[in-house]
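Participant: for reference, the sequence and a predicted model appear below.
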Amino acid sequence: MDSFDVRNRIEAIEELPTLPVVVTQILQATKSMATNANDVGDLISSDQSLTVKVLKLVNSPFYGFPQKIKTITHAIVILGFSKVKNIVLAASVFGMVKQPKNSTISLTDLWEHALTTGIVCRQIAKHRNSGVDIEEMFVAGLLHDLGKVIIICNLPDICTAISENVRKKDCLFYEAENEILNFSHDKVGVWLAEKWNLNPALIEGIKCHHDPLAARGDKEIAFTVHAGNVIARALDIGSGGDNKIPILNAKVAEELGLNVPAIDKIMGEVLIEIEKAKDFFDLIHSQN
Amino acid sequence: MLVTIDKLKVGALIRSEIKDNTNKVVVKAGAKLTPLLLKRLESWGVKSVDVEPDREDESQKPVVEVKVVEKKAQTVLDKELVIKIAKKFSNVREDPLMDKIMRLSIKHLSERQSKIK
């Protein structure tokens, strides 16, 4: 099976996972210099269900605001444009596809792993304090396995073959994919992320989470997502479709300042953040 | 040291008591492993047992060294966690950083488990 054939199959899928129209409009609007907070507020408020989800998340202990945020406009004023945009994206992805019947991989487990990776990435970014947008890091981690979602939902025969290979060889999903397809979910994720018009830094995070040294331009997101994936797997929450863990690249660990005491501290903090992120986990369970 | 059931040897001294699902002690610490006991352990689905190290047999390397937890009631559960995590890291333990991450993983997950209890 070569990547061209599979890409053709993916391109031909009529029901490729899509974000709600309003989310796409919000992502588009936030790219324009002319957009102001009211425009984004109006767009979010036009979708009642999204508004409820976003308000629930912004009021969760994960964001830790002492006073209750009652409206989207209030959320934008307090949290800022970019953070609200990322919360909208996070609130939308869990429900974009349904668990296929007879699938060998649980979408709930995969989203739990993705969410944990997002939380680890956010914590690494906080720890580094290098001025990067920590919510952008959260979304980058959350979306890193987007390609697996397509494989599970749109390519069930290929998903079964990969899972069978994982079971037989007790290897990483990524290694099993490479044996069968000659490429892996990172590539599939990039195809979808490009279709969704996500920003290039997020795409680089998806593309290079298994090969961080191949990242171009600003490597911060790719490095953080690579490390976030390893630490999330070490915390054993959810599943990436296998029971193994990839190696944390030593250069990446060094660049990010992830020595053993730092990793120890981040792991402890992430487990506390996971308790605070209960509303995110509830969202996964209610939508899958 | 923790030894998987398939590598246990008759005559080994059991170091930590073994409990069943209802937390009842079924084998006391200090007991000697007999052929009958080994069969029973297999039938109970025990995956590994904490035994005194056999110094003559270097092939019986521990899956991972585990500090005996203070609360005896948690011993069995924590060992299951250790085995699960050790299995997850089995392909990467030669990497010094990954070996340390594995130990951190066991530490944090054990603490989390005891908090939940």
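Facilitator: Yep, it's here.
Participant: B:Ala29 reaches B:Glu17, doesn't it?
Facilitator: Yes: counting by C-beta atoms under 8 Å, B:Glu17 is a contact partner of B:Ala29 at 4.7 Å. Backbone N, C-alpha and C define where each C-beta goes, glycine included.
Participant: what is the burial count for residue 110?
Facilitator: No chain specified, so I'll use chain A. Counted with other C-beta atoms under 10 Å in any protein chain shown, residues neighbouring A:Leu110 total 22.
Participant: correction: the question concerned chain B.
Facilitator: 19.
Participant: low-confidence ranges, the chain, go.
Facilitator: All of this refers to chain A. Scanning chain A for pLDDT under 70 picks out the ranges A:1-4, A:11, A:14-16, A:288.
Participant: my question was about chain B
Facilitator: Counting by pLDDT under 70, chain B has low-confidence residues at B:20-24, B:54-77, B:117.
Participant: which residue does chain B bring closest to chain A?
Facilitator: Using C-beta to the nearest C-beta, the single residue of chain B nearest to chain A is B:Ser105, 4.1 Å away.
Participant: just give the nearest non-adjacent residue to that residue, would you?
Facilitator: Distances taken as C-beta to C-beta, 6 or more residues apart in numbering or on different chains place A:Ala234 nearest to B:Ser105, at 4.1 Å, with adjacent residues excluded.
Participant: for the one you found, give me its contacts.
Facilitator: A:245, A:267, B:85, B:101-102, B:104-105 (C-beta atoms under 8 Å, 6 or more residues apart in numbering or on different chains).
Participant: one more time with 7 Å
Facilitator: Neighbour list for A:Ala234: A:245, B:101, B:105 [criterion: C-beta atoms under 7 Å, 6 or more residues apart in numbering or on different chains].
Participant: now swap in B:Lys39 and tell me
Facilitator: By C-beta under 7 Å, 6+ apart, no residues touch B:Lys39.
Participant: likewise B:Ile85?
Facilitator: A:236, B:102, B:105-106, B:109.
Participant: now it: which helix or strand?
Facilitator: helix B:75-88 (DSSP states H and E).
Participant: gap between that helix and the chain center?
Facilitator: 7 Å (C-alpha atoms, centre = their mean, to the nearest Å).
Participant: send me that helix as CSV with only the CA atoms.
Facilitator: Extracted C-alpha coordinates of helix B:75-88, given in CSV (Å, rounded to 0.1, in the frame of the first residue of the first chain):
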residue,chain,number,x,y,z
THR,B,75,1.0,-4.2,47.6
VAL,B,76,-0.7,-6.5,45.0
LEU,B,77,-2.3,-3.6,43.2
ASP,B,78,0.9,-1.5,43.0
LYS,B,79,2.8,-4.5,41.6
GLU,B,80,0.3,-4.8,38.9
LEU,B,81,0.9,-1.2,38.1
VAL,B,82,4.6,-1.7,38.1
ILE,B,83,4.4,-4.6,35.7
LYS,B,84,2.0,-2.7,33.4
ILE,B,85,4.3,0.3,33.2
ALA,B,86,7.5,-1.8,32.9
LYS,B,87,5.9,-3.6,30.0
LYS,B,88,5.0,-0.3,28.4
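Participant: need the next SSE after it, C-terminal direction.
Facilitator: Assigned by DSSP H and E, the successor of helix B:75-88 is helix B:96-116.
Participant: tell me what angle that following helix forms with helix B:75-88.
Facilitator: Inter-element angle recorded for helix B:96-116 and helix B:75-88: 150 degrees (by axes from the mean of the first three to the mean of the last three C-alpha atoms, to 10 degrees).
Participant: residues of helix B:96-116 that come out buried?
Facilitator: Residues of helix B:96-116 classed as buried by neighbour count (16 or more other C-beta atoms under 10 Å in any protein chain shown): B:97-98, B:101-102, B:104-106, B:108-110, B:112.
Participant: do you know how far A:Met248 is from chain B?
Facilitator: Slight slip there: residue A:248 is Leu, not Met. Applying C-beta to the nearest C-beta, to the nearest Å, the value for A:Leu248 to chain B is 6 Å.
Participant: and that residue, backbone torsions?
Facilitator: Per-residue torsions, A:Leu248: phi -80, psi 120 (degrees, to the nearest 10).
Participant: now do B:Val49
Facilitator: Backbone geometry at B:Val49, expressed as degrees, to the nearest 10, gives phi -140, psi 140.
Participant: who are the contact partners of it?
Facilitator: B:3, B:5, B:8, B:14, B:18, B:41.
Participant: which bits of chain B sit near chain A?
Facilitator: Residues of chain B lying near chain A by C-beta under 7 Å from any C-beta of the partner chain: B:85, B:87-89, B:91-92, B:95, B:97-98, B:100-101, B:104-105, B:108-109, B:112.
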